[in-house]
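1. below are the sequence and a predicted model for it; my questions follow.
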Amino acid sequence: MREDFISFLWRSQLYALPSVRLVDGADLIVFSTGVLNTNEGPDFNQAKIKINGIEWVGSVEIHVLSSDWLVHKHQFDPRYENVILHVVWENDKSICYADGTPLPVLELKNLVSSEVLNRFNNLFSQKQYDLPCAEELPEISQFVKEHAKEKALIYRLHDKSNHIFSLYYKNEKNMSQTFYIQFVRSFGMKVNDEAFEVLAEFCPFSLIAKHRNNLVQLEALLFGQSGILDYEDEVDEYVVVLKKEYSFLRKKYNLTPMPFSYWRNHRTRPANSPTNRIAQLASVLYKTHNSSIKLLGLSIKDLMKFLEVDTTSYWKLHYDFGKRKKNASKQTGVQLRNSIVINGIIPFLYFKMRLDQSDDLHEVVLFLEKLSKESNVIIDKFVNLGFSNITAYDSQALIGLNNHFCAQKKCLNCAIGFEILKKNT
């Protein structure tokens, strides 16, 4: 038996109701199961119950065995003095308050139906499917699936914005530098996002701003600080110019390039090579001129248009130093622009929303709904099981559902898992 399942049973009240008795025979009525506590202390706070006609308000603690109270040493922790009910799977030992009064105990093992137990065991014993609920999904309504996706999307955005909060405080609440780092990070996509973040730290916005009107100097700074330029032979005149320009800027600002080891170039397509992405980044930064953070004020249509930049003539014909492309390309592609907005700008909008203590997701959702859907192995897995994938909202939600719930088997926190377990109860 798992403690999170007992917690789920308590908060969802999936046990024999309405007549419930405690282990000592006392009648129990539950008005409110309380608020789940994700910090240290009792599992639920502000619960409201009635025992033998007397109302109690306080905390509820969850354990598999009642003796776990002693194992976790709650008897020595003053935070547990306010516990009004001990909910356990099996009452194997009597537990008392400090004054010797028995702690009220609700034992669930004889109150939960075999149907609920079987569904729980099926969810957590599935091996033939990537998704534990795959067999049950055809019976789940689209409404429940959409609800699960919405919750998963918020988890995903919250997770991404947590990283931005760390950047925000690391950079002493400098909003422009924080956005700049997040924006630059998005150019690395999944393979080199960390490397691009480090590049933004070694080549800060304050330095970029001084040379934003000179594209050659921007490229020299970015390629130089990336550490890549030090490893390049002077294969053509363009490399010679960059090295000369960077040598001057390096001495002027006393710069140190980032470690080259951050870059991952193995098995990346030419379009995704670090050098190609840095060249595109330089062109976008050159186009922003005054402040990249002003991009937040653009509509999705204008934003996508703005990010559609021409690289310099050298990078139209090359994907790496001295390595020519098979087909000349001029502009940043739709996939890259989508990725910049999805992974750079939208998480920052959510971060700003949290910073302003707002819960209005309208702008974030609107942005995602106007972006093209994504497709990968994870998303396709869900689509094949009947989930909709129409816009980037759906794609990001499905990735969130996989990463935060399915892959971790957190079925008990998912709307779909809840629907399966409570079916016909």
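-> Received it, and whenever you're ready, just let me know what you need.
2. could I get the buried residue list for the longest helix seen in the chain?
-> In the chain, with assignment by DSSP state H, the single longest helix is helix 142-170. Buried residues in helix 142-170, counting neighbours by 16 or more other CB atoms under 10 Å, are found at 144-145, 147-157, 160-161, 164, 167-168. Using the backbone N, CA and C atoms, a C-beta is placed for each residue, glycine as well.
3. output the below-cut-off pLDDT ranges for this structure.
-> With pLDDT under 70 as the threshold, the chain has low-confidence stretches at 17-19, 126-130, 266-268, 289-294, 297, 327-331, 424-425.
4. for it, which segments are assigned as strands?
-> In the chain, the strands defined using DSSP state E lie at 20-21, 27-32, 35-36, 44-51, 54-65, 83-90, 105-107, 318-320, 323-324.
5. deepest of the ones you listed, which one?
-> strand 83-90 (a mean of 22; mean count of other CB atoms under 10 Å).
6. quick one, that one and strand 44-51 angle?
-> Calculated by axes from the mean of the first three to the mean of the last three CA atoms, to 10 degrees, strand 83-90 forms an angle of 90 degrees with strand 44-51.
7. so what are the sheet partners of strand 83-90 and their directions?
-> strand 54-65 (parallel), strand 105-107 (parallel) (DSSP bridges).
8. which residues are contacting that strand?
-> Strand 83-90 is contacted from outside by 1, 6, 10, 28, 42, 47, 49, 56-66, 68-69, 74, 95, 103-109, using CB atoms under 8 Å, 6 or more residues apart in numbering.
9. contacts only, for Lys410.
-> Contact analysis of Lys410 by CB under 8 Å, 6+ apart lists 404, 417.
10. Ser299 is in contact with Ile345, correct?
-> No - under the criterion of CB atoms under 8 Å, Ile345 is not in contact with Ser299, lying 11.9 Å apart.
11. tell me which of the two has more neighbours.
-> For the pair Ile345 and Ser299, the greater number of neighbours falls to Ile345 (22 against 11), based on other CB atoms under 10 Å.
12. and the longest helix of the chain, what does it pack against?
-> The contact analysis (3 or more CB pairs under 8 Å, 6 or more residues apart in numbering; DSSP states H and E) places helix 142-170 against helix 175-185, helix 346-355, helix 392-401, helix 415-422.
13. ok, back up a step: mind putting the strands paired with strand 83-90 into CSV with distance to Pro274?
-> Compiled in CSV, the strands paired with strand 83-90 are given as follows (distance: least, CB to CB, whole Å):
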stretch, distance to Pro274
strand 54-65, 49
strand 105-107, 58
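14. what are the ranges of the helices in the stretch 151-300 of the chain?
-> If you assign secondary structure with DSSP state H, counting those that start in this stretch, the helices in the stretch 151-300 of the chain sit at 175-185, 193-202, 205-210, 215-225, 237-253, 274-288, 300-306.
15. so which of those gets nearest Leu317?
-> Leu317 lies closest to helix 237-253 among those, at 10.3 Å (CB to CB).
16. in the closest one, which residues are buried?
-> Buried-residue list, helix 237-253, by 16+ other CB under 10 Å: 238-239, 242-243, 245-246, 249-250.
17. starting at the chain centroid, how far to it?
-> Mean-position distance between helix 237-253 and its chain equals 39 Å (CA atoms, centre = their mean, to the nearest Å).
18. could you do stretch 15-31 as well?
-> 39 Å.
19. now stretch 158-169
-> Chain-centre distance of stretch 158-169: 10 Å, with CA atoms, centre = their mean.
20. nice, that's everything, thank you.
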